[in-house]
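**Student:** build me a structure from this.
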Amino acid sequence: GMLGDRITNVKLMIWLLGAGIVCCLFLTTMETAPEFAWILWVLIFPFGLIAYGMRGILWALLYVCPIPVRPLGTAIGFISIVGYSGDIYIPLVSAWLQTNHPTGTAYQFFFAYVATVTAIGLIAAWLLGKISRPSLVE
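**Tutor:** The predicted model follows:
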């Protein structure tokens, strides 16, 4: 939140999404041999910080959206459905991958999928920065 106050929440979200993509792509391409498992432990903490950082500023982005005050509740509801739907279907995607592919390959596909969806979020955040109220973004 404090960093978002300094550089704007839109820019922070773009940076966090970019960092998330880099982490996911690294996890997608890393060797799956047991001797490289320590790398996963090293990445868990920063990856968690990135994820919770994004959730922390998600609602702050609403203030720069060109949405009138009256339908704001509807906008919040819609954002909640879209934004938190990953909590529902991501475990299903992971389970399907684990069932239909060898473990290492399944994880590589999973992180490639997450990187792809995160890239869509990065594009959306960039577009938000373009259509936002300029006085609130800069």
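
**Student:** going forward, measure contacts between C-alpha atoms and count neighbours the same way
**Tutor:** Will do.

**Student:** list the buried ones in the helix or strand harbouring residue 25?
**Tutor:** Using DSSP states H and E, residue 25 sits within helix 9-29. Using 16 or more other Cα atoms under 10 Å as the test for burial, helix 9-29 gives 9-21, 23-28.

**Student:** give me phi/psi at residue 65?
**Tutor:** phi -80, psi 140 (degrees, to the nearest 10).

**Student:** what about it, how many neighbours?
**Tutor:** Residues near residue 65, counting by other Cα atoms under 10 Å, number 15.

**Student:** what pLDDT does the nearest residue to it once chain neighbours are set aside get?
**Tutor:** Excluding the flanking residues, the one nearest residue 65 by Cα to Cα, 6 or more residues apart in numbering is residue 132, at 5.3 Å. For residue 132, the pLDDT comes out at 78.

**Student:** surely residue 132 and residue 66 touch.
**Tutor:** Yes - contact status for residue 132 versus residue 66: in contact at 6.1 Å, counting by Cα atoms under 8 Å.

**Student:** so which of the two has more stuff around it?
**Tutor:** residue 132 (20 against 11).

**Student:** list the contacts for the more buried one?
**Tutor:** By Cα atoms under 8 Å, 6 or more residues apart in numbering, the residues touching residue 132 are 64-66.

**Student:** can you put these in CSV and add distance to residue 55 and pLDDT?
**Tutor:** Converted to CSV, the contacts of residue 132 look like this (distance: Cα to Cα, whole Å; pLDDT from 0 to 100):
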residue, distance to residue 55, pLDDT
64, 16, 82
65, 17, 81
66, 20, 79
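
**Student:** max-length helix in the chain?
**Tutor:** If you go by DSSP state H, the chain has its longest helix at helix 103-131.

**Student:** how about that helix: buried residues?
**Tutor:** 106-115, 118-119, 121-122, 125-126, 128-129.

**Student:** what do you get for stretch 38-46?
**Tutor:** Under 16+ other Cα under 10 Å, stretch 38-46 has no buried positions.

**Student:** roughly how far is it from the heart of the chain?
**Tutor:** 17 Å (Cα atoms, centre = their mean, to the nearest Å).
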